[in-house]
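Chemist: I need the structure of the sequence given here:
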Amino acid sequence: MKRTKFTESQIVSCIKQYESRVKVDQICREMGIHKATFYNWKKRYSGMDSLELKRLKELEEENRKLKQMYADMALDNKMLKDVLLKKW
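Modeler: Numbers count the residues shown, from 1 in each chain. All right, here's what the predicted structure looks like:
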């Protein structure tokens, strides 16, 4: 996954500027981003404050770990089934 050069706090500050009636063109020019990028950020981070953003990151990390655990367990389960089904 491509990493952004902007932190979440910078993204949230851009959204807050937009909510305080600063034009999108001006925000995009200052940040050096495209309008589509700004609207994607707005769709994802709109209405969040720093605590909610921190909680979102924690949940995403926990979800990643759980998916990895499930993949490992599924692989172990498949290997055990293959060994049990093998005729000696």
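
Chemist: and the longest helix seen in the chain, what does it pack onto?
Modeler: If you go by DSSP state H, the chain has its longest helix at helix 50-85. Contact analysis of helix 50-85 by 3 or more CB pairs under 8 Å, 6 or more residues apart in numbering; DSSP states H and E lists helix 8-19 as its packing neighbours. For the C-beta atoms, the positions are set from N, CA and C on the backbone; glycine is no exception.

Chemist: so which bits of the helix it packs on are buried?
Modeler: By neighbour count on 16 or more other CB atoms under 10 Å, the buried set for helix 8-19 is 8, 11, 12, 14, 15, 17, 18.

Chemist: next, the angle from the longest helix of the chain to helix 8-19.
Modeler: Between helix 50-85 and helix 8-19, the angle comes out at 130 degrees (axes from the mean of the first three to the mean of the last three CA atoms, to 10 degrees).

Chemist: what's the mean pLDDT across helix 50-85?
Modeler: On average, the pLDDT along helix 50-85 is 93.

Chemist: what does stretch 30-45 rub up against?
Modeler: Stretch 30-45 is touched from outside by 6, 8, 10-12, 14-15, 18, 24-25, 27-28, 53, with contacts defined as CB atoms under 8 Å, 6 or more residues apart in numbering.

Chemist: and if we set it to 7 Å?
Modeler: With contacts defined as CB atoms under 7 Å, 6 or more residues apart in numbering, stretch 30-45 is touched by 11, 12, 14, 15, 18, 24, 27, 28.

Chemist: buried residues in it?
Modeler: Within stretch 30-45, the residues that count as buried by 16+ other CB under 10 Å are 31, 33, 37, 38, 41, 42, 45.

Chemist: for residue 18, see how far away the second one is.
Modeler: What that stands for is residue 33. For residue 33, the distance to residue 18 equals 12 Å [CB to CB, to the nearest Å].

Chemist: please save the CA atoms from stretch 45-59 in CSV.
Modeler: Provided in CSV are the C-alpha atoms of stretch 45-59 (Å, rounded to 0.1, in the frame of the first residue of the first chain):
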residue,chain,number,x,y,z
TYR,A,45,-11.7,11.9,7.6
SER,A,46,-14.6,14.3,7.6
GLY,A,47,-16.0,15.0,11.1
MET,A,48,-13.1,13.4,13.0
ASP,A,49,-11.0,14.9,15.7
SER,A,50,-7.6,13.7,17.0
LEU,A,51,-9.1,11.2,19.5
GLU,A,52,-11.3,9.6,16.9
LEU,A,53,-8.4,9.5,14.4
LYS,A,54,-6.2,7.8,17.0
ARG,A,55,-8.9,5.2,17.7
LEU,A,56,-9.4,4.6,14.0
LYS,A,57,-5.7,3.8,13.6
GLU,A,58,-5.7,1.5,16.6
LEU,A,59,-8.7,-0.4,15.2
